[in-house]
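S.K.: Next one to model:
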Amino acid sequence: MATRVTDSATAVQEIINVTHRYALGLDRSDPDEAINAFTDDAYWDATAVGLERFEGREQILEFFRRDAAAMAEQYHAITNHIVEFDGQDTAHGTNYVLAEGRTKSGGSIKAAAINEDTYRDTPDGWRISGRTITPLTTPQMEEFDA
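M.R.: Numbering: from 1, shown residues only. Predicted coordinates:
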């Protein structure tokens, strides 16, 4: 259980910030920054867009490292956050992600998806404890081999 006490408006802003920290870490090719958005026991599931499901911080971090090595450039715009609280230190929500990039091998990616997240308050602030990514349009993942 978390040792911090936050009001709901502050909690929502922390949750939005942590989703943006994830995107910024990916876009800067900084896997350590991206993984800091997640709890140690988190999952990251992108099977619906043709990728994999990863369990736990180490598996997710390894994927983020492969992503950073594969991508020449990329961006993730995350928006349309909806957050609902399940308890004082747990929540769930959705947000949209628009992603585009170019791989080092010359391929390109483009995706519009919805993230269905769970969140948990930790001593270090709100973190993503689970993320399921579902496409809103058909993803283009040309030569993405991370």
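
S.K.: Check which helices and strands the helix or strand of the chain with the lowest mean pLDDT sits against.
M.R.: Taking mean pLDDT, DSSP states H and E as the measure, the chain has strand 140-141 as its least confident helix or strand, at a mean of 85. With contacts taken as 3 or more C-beta pairs under 8 Å, 6 or more residues apart in numbering; DSSP states H and E, strand 140-141 sits against strand 108-122. Backbone N, C-alpha and C define where each C-beta goes, glycine included.

S.K.: Same question for the following helix or strand past the strand it packs on: list its buried residues.
M.R.: Per DSSP states H and E, the first helix or strand lying C-terminal to strand 108-122 is strand 125-135. Residues 125, 126, 127, 128, 129, 130, 131, 132, 133 are the ones in strand 125-135 that count as buried (16 or more other C-beta atoms under 10 Å).

S.K.: Could you single out the nearest of the residues you listed to residue 32?
M.R.: Residue 32 lies nearest to residue 127 out of those, by C-beta to C-beta, at 14.4 Å.

S.K.: picking that back up, list the pairing partners of the least confident helix or strand of the chain within its sheet, with orientation.
M.R.: Next to strand 140-141 in the sheet, as set by DSSP bridges, lie strand 108-122 (antiparallel).

S.K.: The strand it pairs with vs strand 125-135, what angle?
M.R.: If you take axes from the mean of the first three to the mean of the last three C-alpha atoms, to 10 degrees, strand 108-122 sits at 150 degrees to strand 125-135.

S.K.: Let me see the mean pLDDT of strand 108-122.
M.R.: The pLDDT scores in strand 108-122 average 96.

S.K.: Kindly report the same for stretch 131-138.
M.R.: pLDDT averaged over stretch 131-138 gives 96.
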